[in-house]
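S.K.: sequence first, then the predicted structure, then my questions.
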Amino acid sequence: MNKYLDLSLQEINNLLINKKITPKDLVIESFERIEANKDLNGFITLNKEAALKRAEDLKDQEVTSLTFGIPIAIKDNIITKNLRTTAGSKMLDNFIPIYDADVIERINEAGMIIIGKANMDEFAMGSSTQTSYYGPTKNPWDKTLVPGGSSGGSAAVVSSRITPIALGSDTGGSIRQPSSFCGIVGLKPTYGRVSRYGLIAFASSLDQIGPMTRNVYENALVLNTICGKSKNDLTSVETNEDFTRLIGKDIKNMKIAIPKFYVNDTIDIEIRQELDNIITLLKENNCVVDYVDIKYIDKAVPLYQIIAMGEASSNLARFDGIRYGYSYENPKDINDLYLKTRKNGFGNEVKRRIMIGSYLLSGKNATTYYNKALAIRDDMRNSFLDIFKNYDLIIGPTATTKAYPLGQDLDDAVKAFMDDILTIPVNMAGLPGMNLPIGFSKDHLPIGMQIIGAPFAEAKIYQLASYIEKELNLDLNPNLGGDDNE
Amino acid sequence: MSNYIPTIGIEVHVELKTNTKIFSSSENGYGQMANSLTNVIDLGYPGTLPTLNEQVIKTAIKAAHVLNCKIRKKQHFDRKNYFYPDNPKNYQITQARSPIGYDGYVEIEIGNNKKKIEIEEIHIEEDTCKSAHRGNVSLLDFNRAGVPLIEIVSRACIESSEEAKLYLEKLRELLYYSNISDCKIEEGSMRCDANVSIRKNIEDKLGTKCEIKNIGSISNVGLAIEKEIERQSKLLDKGETFKEQTRRFDDKQNDTVLMRVKETGNDYRYFPEPDIPYIELSDEIINSSIAELPMLPDERRKIYKERGVSDINITKLIANRSLSDYLNLFLDTKLNFKEASNLLLGDISAYLNKTEKDISNTHLTKEKFIDLVKKVEDNTLTSKNLKDILDDILESDKTIAEIIKEKGISNITDSNMLQDIVLKVILENPDSVKDYKAGKDRAIKYLMGQIMKETKGSANPKLVNQILINELNK
């Protein structure tokens, strides 16, 4: 079996330009790797026929960019025209969209080839990919463990080198936490950086699509492709910059803040030790590292639950069996149609969140909870912005634990939210945040750190991340390989 | 009729006249094939997001202005959550907490008194789709889904069905004249709900109100209110109490009919729409929207009156905006508005009705109309002449003079020519001359008739009269 997909994008690009390989070789290799690791369950739907055809079409075209001809996996809550999009739910098991998400148009223009739709927690609700209607994805580093979630399929697929790139979405940590569990680079961009048009909404004021890649540079390349204002998304923002521009630049004198909350003792000791090593490394390079307080950061999870579930209860109301998706057959009347469609079509976690969300927005609760949560959220955001007046970046761990066994925490809804306790504040404040792999536990599971920037400071995140990445020079390939896998 | 004091509040939904829908680029149109004016946004497809049509905001600013409302500069949209098949997202995007206009009024004339009907608020929202029920099946037409609406909510300050009708007529006239809406009740572009309650004494607190939904015409609003007052009065007379209800007006039964008893606390779970950022209206957009407003009916009435147009013509002109707009093209000229309005509402209207044309689709240029009015005014053209050549005037690019010449319309003001004809007629009718001399006025009418016959109606009657009397008196 070829191993082109273990090469860097620059190396692949050279082979393509020199006609040593064609995009089809890459697509075939992707599918061989999927075949060899079927038990990973990283995909809900494969796009084999269309991908091969597209590779064929690209064969004679000029290689225009580093992402040209590169296989990519798309989280299954991102709408793809003519390619089934389920959001991990029975509700959309038969849903074949008639339009493309904005990001899909952009990655198509950039010459990438969609290999398939990556597994995920149902409607992105979960942090272990275990709420998927299509069964859990396994962690490539240890297939008895969860890959994290909700973008667990995307993380596992990139980690196992099935595709060099995946798109994920992050509402409370759904890109960063699985990236941490699977040892890849995952970025949640600033809210508004990437158009949400075509992302099946979970919590509209928090959702953001972002790139998941094997390394920092390739991550910045993908963000270059997918970012920018869209006429379809009023919350999107014009950007005109090259996110790779600070990569490799000196980090001397950078000022780094660590929220005290991010080093509390509920966090796995091995993770804290790895983070300490990074702090030492940064100080050795004349960076300033200070511990700071951020208002309400410890309350971020309940605030998030109120806002995210409230919005979700409304966003998921459209799944009613009338126009698309699952529809209960032979209902007695319209209420029966609503009731049975939603009862049978949604899984337990989704129903739980819709119920809580509806309750939180009902009557007086809207003012008691939702409006209050919005106000505190503003305070928290301002507290973050105050920190960025004096510091370039904020760092901390991404998750409180490394990957845990499949089946664990499945029935403990509150505990599951605690997985996201360190990532949620970033969504609440609309900031960009990245998971960067920084080491391994004793049992050789990836450990990640989080780098958080001021609004629209992604380039600076890439600058610091690329420096640490280079210094650590970790081998992040779980080497699942194909037939010649030992 | 009733010993009770009615209190009435009216909610009006008006579809805005815009090119596209409020949150998508689909065409905003009526009467097209079902589901032909839709896209994934109107259908509430997963992943879709609303955009915001600026024309809607500008139109709503105009509405707020003409209804004397204060305009809210910072506003946002809210989601109103409820499940219904005509509501594609199962939430409606509306303005629950920050209506664009508030604290306005419309002035009506009731009898000889003026009364301000107070408007509590105007808010923007999206229309639902249209459902049709066929036996066991319900059909949905999404062409209407996402059509922009404004809802105009009056305060409960209307005291009779007459006031309600006058208010709605005034509202319709204002919104129609401002190009805000077609206000066609029969097509659903204006929909009225009336809230009615009654009480014995003015000191009493307001009675239990009932809402009559979606009444099909302004006159039916009046009827529905009267019937509802009657129904409530009978109940109260019998000492009965009743619950809040939603009713509809059935014009066949000529009565209001129960739809449902209102449950307490309809819970719409409102929250700010996160997909649309807060809107900050600049003075520039407010002023430029208002500047686009055409002249409103009351000002037109005033000017027409000042320029000598008869009351009946004023009423007719206001009822026909395209003619009123046409006449307004001449506001800065010295045109005789009285004569001009007669022409527009007379022969020209008849032509437009016959041909089903709008005046803007004729060849009646400004210069031509000024010329026409002048020629009628000074009797260069008789009404008979006018009838003969009006079609040509309206359908060709030729000047009136050219048409007169071409059509061989005699030079009716040529007094020498007329003199000959007059003499001829006098010679041919000695009896009538005798009668005239004997003081019989009828004779002159007969002679005039003969002269007109001779000239095929193209003689200037004033001039003929003059010459005839002159000759007879010789």
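M.R.: Nice, thanks for sending it over.

S.K.: give the helix, strand or coil label for A:Phe384.
M.R.: Assigned with DSSP: H, G, I helix; E, B strand; the rest coil, A:Phe384 falls in the helix class.

S.K.: so who does it touch?
M.R.: By CB atoms under 8 Å, 6 or more residues apart in numbering or on different chains, the contact list for A:Phe384 reads A:294, A:394, A:425, A:429, A:431. Just so you know, the C-beta spots here come from the backbone N, C-alpha and C atoms, and that holds for glycine as well.

S.K.: let's have those residues in a markdown table, adding distance to A:Ala403 and secondary structure.
M.R.: Shown next, in a markdown table, are the contacts of A:Phe384 (distance: CB to CB, whole Å; DSSP: H, G, I helix; E, B strand; the rest coil):
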| residue | distance to A:Ala403 | secondary structure |
| --- | --- | --- |
| A:Ile294 | 27 | coil |
| A:Ile394 | 24 | strand |
| A:Pro425 | 22 | helix |
| A:Ala429 | 27 | coil |
| A:Leu431 | 25 | coil |
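
S.K.: pLDDT added to these, as JSON lines?
M.R.: Supplementary listing: the contacts of A:Phe384 in JSON lines, determined by pLDDT from 0 to 100:
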{"residue": "A:Ile294", "pLDDT": "96"}
{"residue": "A:Ile394", "pLDDT": "98"}
{"residue": "A:Pro425", "pLDDT": "97"}
{"residue": "A:Ala429", "pLDDT": "97"}
{"residue": "A:Leu431", "pLDDT": "98"}
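
S.K.: which of those sits closest to chain B?
M.R.: When the contacts of A:Phe384 are compared for distance to chain B (CB to the nearest CB), A:Ala429 comes out closest, at 15.1 Å.

S.K.: was I right to think that closest one contacts A:Arg381?
M.R.: Yes: the criterion here is CB atoms under 8 Å, and A:Ala429 meets it with A:Arg381 at 4.2 Å.

S.K.: neighbour-wise, which of those two wins?
M.R.: Between A:Ala429 and A:Arg381, counting by other CB atoms under 10 Å in any protein chain shown, A:Ala429 is the more crowded of the two (24 against 19).

S.K.: residue contacts, that one?
M.R.: Neighbours of A:Ala429 in contact, by CB under 8 Å, 6+ apart: A:377, A:380-381, A:384-385.

S.K.: would CSV of these with pLDDT and distance to A:Ile34 be doable?
M.R.: Formatted as CSV, those follow (pLDDT from 0 to 100; distance: CB to CB, whole Å):
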residue, pLDDT, distance to A:Ile34
A:Arg377, 96, 40
A:Met380, 96, 41
A:Arg381, 97, 41
A:Phe384, 98, 40
A:Leu385, 98, 44
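
S.K.: of those, closest to chain B?
M.R.: Each of those was scored against chain B by CB to the nearest CB, and A:Arg377 proved nearest at 11.8 Å.

S.K.: wait, is the closest one part of a strand?
M.R.: No: looking at A:Arg377 with three-state DSSP, it is helix, so not inside a strand.

S.K.: do the helix or strand hosting A:Ile104 and chain B meet?
M.R.: Applying DSSP states H and E as the criterion places A:Ile104 in helix A:102-109. No: legend: contact between helix A:102-109 and chain B by CB under 8 Å from any CB of the partner chain is lacking; minimum distance shown is 9.6 Å.

S.K.: one more: stretch A:291-303?
M.R.: No: for a cut-off given as CB under 8 Å from any CB, stretch A:291-303 has no contacts with chain B; the smallest distance is 14.6 Å.

S.K.: who are the contact partners of the closest residue to chain A within the stretch 51-200 of chain B?
M.R.: The nearest approach of the stretch 51-200 of chain B to chain A comes at B:Asn90, 3.5 Å away (CB to the nearest CB). Contact criterion CB under 8 Å, 6+ apart gives A:317-318, A:320, B:44, B:81-84 as the residues in contact with B:Asn90.

S.K.: secondary structure and neighbour count added to the residues you listed, as JSON lines?
M.R.: Written out in JSON lines, the entries for the contacts of B:Asn90 read as follows (DSSP: H, G, I helix; E, B strand; the rest coil; neighbours: other CB atoms under 10 Å in any protein chain shown):
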{"residue": "A:Ala317", "secondary structure": "helix", "neighbour count": "22"}
{"residue": "A:Arg318", "secondary structure": "helix", "neighbour count": "22"}
{"residue": "A:Asp320", "secondary structure": "coil", "neighbour count": "25"}
{"residue": "B:Gly44", "secondary structure": "coil", "neighbour count": "23"}
{"residue": "B:Asn81", "secondary structure": "strand", "neighbour count": "21"}
{"residue": "B:Tyr82", "secondary structure": "coil", "neighbour count": "13"}
{"residue": "B:Phe83", "secondary structure": "coil", "neighbour count": "14"}
{"residue": "B:Tyr84", "secondary structure": "coil", "neighbour count": "14"}
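
S.K.: right, I'll leave it there.
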